[in-house]
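S.K.: Quick one: sequence and predicted model below, then my questions.
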Amino acid sequence: MQLDIFEHSRDVMLRNDVLQALEQHAAAQASTRWEALAHDYPQDPALAALRLLIDAVEARFDTRGQLPTLADHGALAQAQLVLRERLTQAARSLMAVKPAQAWLRTFWQDLIARSAHLPYRADAQTQHVAPMLLLIGDWQGAAEAVAQIASWRRIPVPLAWMAQARLNLLGLQASWPLLAELAWLSPQRLEALVQTSPDPILKRLKNQFDAEFEASGEVTDVASGPGDDLAWFPAWVLTERPQLASHLAQAQSAMHSAPEQAMRLLVNLLGLEHQGRHQDIVSHRKTLRDLHGGLYAAYMKTR
């Protein structure tokens with residue numbers, strides 16, 4: 001029985017030796033240790049995954065010791081697929097969570113460096129450094145990468161990337177203008193962003209909006225897909241958090257849609273209330289009621 005335990009511990013020891021070399025990105029050492037494991041335990045179930053990781057480490061640099069530049073977006077897509085599926089699966093099957101994340105991070109950083117020259121393309125949205133920087137939590141790097149994209153604030157995908165980066169860099173309060181713009185341009189992308197938000201307040205407001213907001217079928221200038229009611233979220237937020245008016249007012253004009261008009265109308269209404277201009281308040285309230293009955297009801301609930 002003791003011999004069985006010893007024999008079992010030996011294969012574990014050999015496997016761990018390979019992993020130790022891999023974690024240090026010592027390809028030659030890892031390969032030598034892998035050969036010892038394969039010689040003594042040719043049926044070891046970890047051999048294939050270990051070999052895959054060793055090959056990846058060996059292929060990191062070219063003959064000059066430099067990271068090879070990726071030729072185009074298609075090459076980046078293929079490299080991302082290999083890393084996201086094959087290498088990630090192998091690393092997670094062999095390593096604990098944190099060591100696997102650290103090991104994979106190096107390869108994502110390699111891909112970022114190798115593809116930094118590739119511009120943003122609408123037909124290859126994920127083949128850009130920004131989403132990879134977001135994936136590894138480099139918020140500042142992601143924000144700088146998005147800032148290089150022409151008219152990024154008018155394009156839903158890079159706008160969502162920048163909103164995610166700033167949420168993590170600056171917090172929710174400073175991010176409200178971008179969140180509003182994203183709600184108007186692509187409520188579905190805002191929905192996805194809320195799910196990954198580091199701020200629980202944003203998630204709570206979104207859940208409350210889902211439970212309480214009364215949709216209206218009268219407005220026709222907003223897309224009608226699932227989750228598109230979220231275009232009204234910035235305006236609705238002001239009915240719950242009027243103190244955010246100065247932050248949301250900084251949102252840049254988008255397409256002058258009804259949800260955008262409603263939010264700006266509420267910003268003005270809150271200002272008029274503060275000034276006590278009753279006649280103008282009555283007029284603005286009527287406009288809001290005509291624009292969206294459900295939003296008007298949410299606003300009047302606290303009046």
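M.R.: Okay, I see it.

S.K.: Quick check: Pro99 touching Gln20?
M.R.: No. The criterion here is C-beta atoms under 8 Å, and Pro99 misses it with Gln20 at 10.0 Å. (Glycine included, C-beta is placed from N, CA and C.)

S.K.: Which residue ranges of the stretch 51-200 of the chain form helices?
M.R.: Per DSSP state H, counting those that start in this stretch, the stretch 51-200 of the chain carries helices over the ranges 73-81, 88-94, 97-114, 129-135, 139-147, 156-170, 172-185, 187-195, 200-212.

S.K.: Out of these, which gets nearest to Tyr296?
M.R.: For Tyr296, the closest of the helices of the stretch 51-200 of the chain is helix 200-212, at 13.6 Å, according to C-beta to C-beta.

S.K.: what's the angle from the closest one to helix 156-170?
M.R.: Taking axes from the mean of the first three to the mean of the last three C-alpha atoms, to 10 degrees, one finds helix 200-212 and helix 156-170 inclined to each other by 130 degrees.

S.K.: Helix 200-212: what's the following helix or strand?
M.R.: Next along the chain after helix 200-212, taking DSSP states H and E as the criterion, comes helix 233-240.

S.K.: Okay, now the unreliable bits of the stretch 201-303 of the chain?
M.R.: Scanning the stretch 201-303 of the chain for pLDDT under 70 picks out 216-227.

S.K.: now with 50?
M.R.: Counting by pLDDT under 50, the stretch 201-303 of the chain shows low-confidence ranges at 217-226.

S.K.: any residues in contact with both of Pro99 and Gln20?
M.R.: Shared contacts of Pro99 and Gln20 (C-beta atoms under 8 Å, 6 or more residues apart in numbering): none.

S.K.: Glu35: which element?
M.R.: helix 27-40.

S.K.: Give me the buried positions along that helix.
M.R.: Buried residues in helix 27-40, counting neighbours by 16 or more other C-beta atoms under 10 Å, are found at Ala27, Gln29, Ala30, Ser31, Arg33, Trp34, Leu37, Ala38.

S.K.: go on, stretch 17-28?
M.R.: Buried-residue list, stretch 17-28, by 16+ other C-beta under 10 Å: Asp17, Val18, Leu19, Ala21, Leu22, Glu23, Ala27.

S.K.: related to what we said a few turns ago, wait, which of the helices of the stretch 51-200 of the chain is closest to Leu295?
M.R.: Nearest to Leu295 among the helices of the stretch 51-200 of the chain is helix 200-212 (10.9 Å), distances taken as C-beta to C-beta.

S.K.: still on that earlier bit, who does the helix holding Glu35 touch, helix- and strand-wise?
M.R.: For helix 27-40, the packing partners by 3 or more C-beta pairs under 8 Å, 6 or more residues apart in numbering; DSSP states H and E come out as helix 2-23, helix 47-58.

S.K.: could I get stretch 63-82 in CSV with only the CA atoms?
M.R.: C-alpha atoms of stretch 63-82 as CSV (Å, rounded to 0.1, in the frame of the first residue of the first chain):
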residue,chain,number,x,y,z
THR,A,63,14.3,33.6,-33.7
ARG,A,64,15.5,37.1,-32.7
GLY,A,65,13.8,36.9,-29.4
GLN,A,66,11.0,39.3,-30.3
LEU,A,67,7.2,39.0,-30.3
PRO,A,68,6.1,38.4,-33.9
THR,A,69,3.8,41.2,-35.2
LEU,A,70,0.4,40.0,-36.3
ALA,A,71,-0.2,40.7,-40.0
ASP,A,72,-3.9,41.6,-39.9
HIS,A,73,-7.2,41.3,-38.2
GLY,A,74,-7.7,37.7,-39.4
ALA,A,75,-4.5,36.6,-37.8
LEU,A,76,-5.5,38.3,-34.5
ALA,A,77,-8.9,36.5,-34.6
GLN,A,78,-7.2,33.2,-35.0
ALA,A,79,-4.7,33.9,-32.2
GLN,A,80,-7.5,35.0,-29.9
LEU,A,81,-9.5,31.9,-30.6
VAL,A,82,-6.5,29.6,-29.7
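
S.K.: Against Gln250, how distant is the residue lying closest to Pro259 once chain neighbours are set aside?
M.R.: Leaving aside its sequence neighbours, Pro259 sits nearest to Ala231 (C-beta to C-beta, 6 or more residues apart in numbering; 4.1 Å). Computed as C-beta to C-beta, to the nearest Å, the Ala231 to Gln250 distance reads 18 Å.

S.K.: Kindly list the main-chain dihedrals of Thr63?
M.R.: With angles defined as degrees, to the nearest 10, Thr63 shows backbone torsions of phi -70, psi -20.
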